[in-house]
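# predicted model, plus sequence, below.
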Number of protein chains: 2
Amino acid sequence: MSNATSGQSQVAGSADVLTADRVAAALRDDILRGVLKPGARLKDFELAERFDVSRNTLREAVKQLGTAGLVTTRLNAGSAVRRLSEADAREIYIIRRTLELSGVDSLSRAGEAQMLNISAAIEEARRAAAESDWSELSTASLRFHQAVAALNGSARLDAFFANVLAQLRLVNWVMTDEPSFQMQWVDRDKGIADLLLQGNRHEAHIKLSRYLDDSEALIINAIRRSPDGLASASTSS
Amino acid sequence: MSNATSGQSQVAGSADVLTADRVAAALRDDILRGVLKPGARLKDFELAERFDVSRNTLREAVKQLGTAGLVTTRLNAGSAVRRLSEADAREIYIIRRTLELSGVDSLSRAGEAQMLNISAAIEEARRAAAESDWSELSTASLRFHQAVAALNGSARLDAFFANVLAQLRLVNWVMTDEPSFQMQWVDRDKGIADLLLQGNRHEAHIKLSRYLDDSEALIINAIRRSPDGLASASTSS
DNA sequence: TAACTCCTTTTTGCTGAACAATCCTGCTTG
DNA sequence: CAAGCAGGATTGTTCAGCAAAAAGGAGTTA
């Protein structure tokens, strides 16, 4: 009964999660990790073989990522990893301002667990920086901002915001991740976190607002100077 | 082109939408309209016959509604129309406060189309009230609040908020929709809309905040005094 | 050379049947 | 009357196959 063979599927071992969900998670990981870069087509037969799942199941997984905003699908023309436009990036920063700043504003209603989440993310970032693990540091920073948005106190909002931040990571591979440059952001994260832990809602709001302005400018710039229509420029237009 | 022969499926006619999406929309409509009440089980074989689609396709549609938060699924025990708990309702109102109030705050950045949306919703509510169409009036009110949240300026946020409001409608069937009582809310909607159209951001914020407090209290009350375990405690008794 | 049309090859969207695992219901039994 | 058990109902998943649409190439014409 060990489980590998058991579970309910005839072939793939599933602990107690739907197989499609498992595949979706793996696919999301590949996308976020940059194995599948924006614009890459997702042919379901190919991927079904790669993950050793039925074409039908993989299709469901892809659809999940579609509703998560990580892949786009044209009818009868298949799916591809989403390529974010400048407008998309702008929209994402609108959402970040709305949810993160609102989270700071409702700091007084925050529970202890939520504050702990914030300091945990900062601590993790500090450790990653010490070990020069730039990839981990980047995700720790995102986790901090997610914790800020979590101050709003809604799990649904958290899930939505996680999706949005995941979409933002689609742009990450465009950016030249200069370590020394990235350190600046971590320092500013820590500054905001300290203000929050002190309960200084007002200053935190201002500092976070500036942070988002600068971050957005950087990302927009990166998108503009990136090889834009690399894969899409074909087929005329 | 009502149905049968066209489209790409052998059986069901699809204009240019995925069949699963079409079925999902129809199902959502049934749920929101109250044809399928909270707690109702969704047996896929049954529904597949009802919509004349394959069991596999219907399953995908149900899963979509699952991620939309309208149905819950227990592993190996099937899906059912979601029944909102008091905590769910509270969370929804947290989201409403976050997004609607933030929308009011960013009124200055709003475009003309967005303001037009607001007045259109109010106008529609007025018309529905004149015709005593209480169902349409209720949806018009929701459309107004959606327009307020749309002031934030993000399509993604709009889609998310639409989902949340749809979930809120799951509670609606619990409430005794006394017409005269519902009129009160429409009037308050109009009051807020007028302030917005005048550009009076501050007063609108205050009025909307009170509106949400009162509305939440009403809904929470309705949930508390509703026949709670109506469908789950049945089968015997 | 460039562009247009036609045709073949993929690839997609959906179906229907199959099967193991699990849940549910009613019946038996103590 | 409670506990337990069998059998049917239902779910999660896979597989093979078909029709329709898109992708891609060859050939023709300008």
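Looks like it arrived, so ask away. Numbers count the residues shown, from 1 in each chain, chains lettered A, B, ... in the order given.
# pretty sure A:Ile192 contacts A:Lys207?
Yes: taking contacts as C-beta atoms under 8 Å, A:Ile192 lies within contact range of A:Lys207: 5.2 Å. Backbone N, C-alpha and C define where each C-beta goes, glycine included.
# more crowded one of those two?
Neighbours of A:Ile192 and A:Lys207, each counted by other C-beta atoms under 10 Å in any protein chain shown, are more numerous for A:Ile192; the result is 26 against 18.
# how close does that one get to chain B?
Distance of A:Ile192 to chain B, computed by C-beta to the nearest C-beta, to the nearest Å: 19 Å.
# so that residue, which of the three states?
helix (DSSP: H, G, I helix; E, B strand; the rest coil).
# tell me the pLDDT of it.
Residue-level confidence at A:Ile192 comes out at 98, pLDDT.
# residues contacting it?
Contacts were defined as C-beta atoms under 8 Å, 6 or more residues apart in numbering or on different chains; by that measure A:Ile192 touches A:Val148, A:Ala204, A:Lys207, A:Leu208, A:Tyr211.
# could you pull out the helices in chain A for me?
Remark: helices assigned in chain A by DSSP state H are A:19-33, A:44-51, A:55-67, A:86-96, A:102-105, A:112-130, A:134-149, A:155-172, A:179-198, A:201-224.
# highest mean neighbour count out of these?
Sort the helices of chain A by mean neighbour count, taking mean count of other C-beta atoms under 10 Å in any protein chain shown, and helix A:102-105 sits at the top with a mean of 23.
# that one packs against which elements?
Judged by 3 or more C-beta pairs under 8 Å, 6 or more residues apart in numbering or on different chains; DSSP states H and E, helix A:102-105 is in contact with helix A:134-149, helix A:201-224.
# can I get the ones you listed in TSV with distance to chain B?
Formatted as TSV, the helices and strands packed on helix A:102-105 follow (distance: least, C-beta to the nearest C-beta, whole Å):
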stretch	distance to chain B
helix A:134-149	10
helix A:201-224	12
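# tell me which of those helices sits nearest to DNA strand D.
helix A:201-224 (23.9 Å; C-beta to the nearest atom of the strand).
# quick one: that closest one to chain centroid distance?
Using C-alpha atoms, centre = their mean, to the nearest Å, the mean C-alpha position of helix A:201-224 is found 17 Å from that of the whole chain.
# what sits against the residue nearest to the spatial centre of chain A?
Per C-alpha atoms, centre = their mean, the C-alpha nearest to the average position across chain A is that of A:Ala166, at 1.8 Å. Residues counted as contacts of A:Ala166 (C-beta under 8 Å, 6+ apart) are A:Arg28, A:Leu32, A:Ala68, A:Gly69, A:Leu70.
# check A:Gly103 too.
The contact partners of A:Gly103, by C-beta under 8 Å, 6+ apart, come to A:Val148, A:Ala149, A:Ala150, A:Leu151, A:Asn152.
# from chain A, which residue is nearest to DNA strand D?
For chain A and DNA strand D, the shortest gap (C-beta to the nearest atom of the strand) falls at A:Thr57, measuring 2.9 Å.
# wait, what's in contact with that residue?
A:Thr19, A:Ala20, A:Val23, A:Ala48.
# and it, how far from chain B?
When distances are taken as C-beta to the nearest C-beta, A:Thr57 and chain B turn out to be 10 Å apart.
# same check, this time on A:Leu42
When distance is defined by C-beta to the nearest C-beta, A:Leu42 is 16 Å away from chain B.
# that residue: neighbouring residues, count only.
A:Leu42 is surrounded by 21 other residues when neighbours are defined as other C-beta under 10 Å.
# mind showing which ranges of chain A have poor pLDDT?
Within chain A, the stretches with pLDDT under 70 are A:1-16, A:174-178, A:227-237.
# near chain B, which residues of it?
A:8, A:16, A:18, A:56, A:60, A:63-64, A:67, A:69, A:75-76, A:91-92, A:94-95, A:98-99, A:102, A:106, A:152-157, A:160, A:164 (C-beta under 8 Å from any C-beta of the partner chain).
# change it to 6 Å
For chain A, the residues found near chain B under the criterion C-beta under 6 Å from any C-beta of the partner chain are A:Thr67, A:Glu91, A:Ile94, A:Ile95, A:Thr98, A:Ser102, A:Asn152, A:Gly153, A:Ser154, A:Leu157, A:Phe160.
# next up, the contacts around the first one.
The neighbourhood of A:Thr67, defined by C-beta atoms under 6 Å, 6 or more residues apart in numbering or on different chains, consists of B:Thr67.
# what do you get if the cut-off is 10 Å, keeping everything else the same?
A:Asn163, B:Lys63, B:Gln64, B:Thr67, B:Ala68, B:Ala159 (C-beta atoms under 10 Å, 6 or more residues apart in numbering or on different chains).
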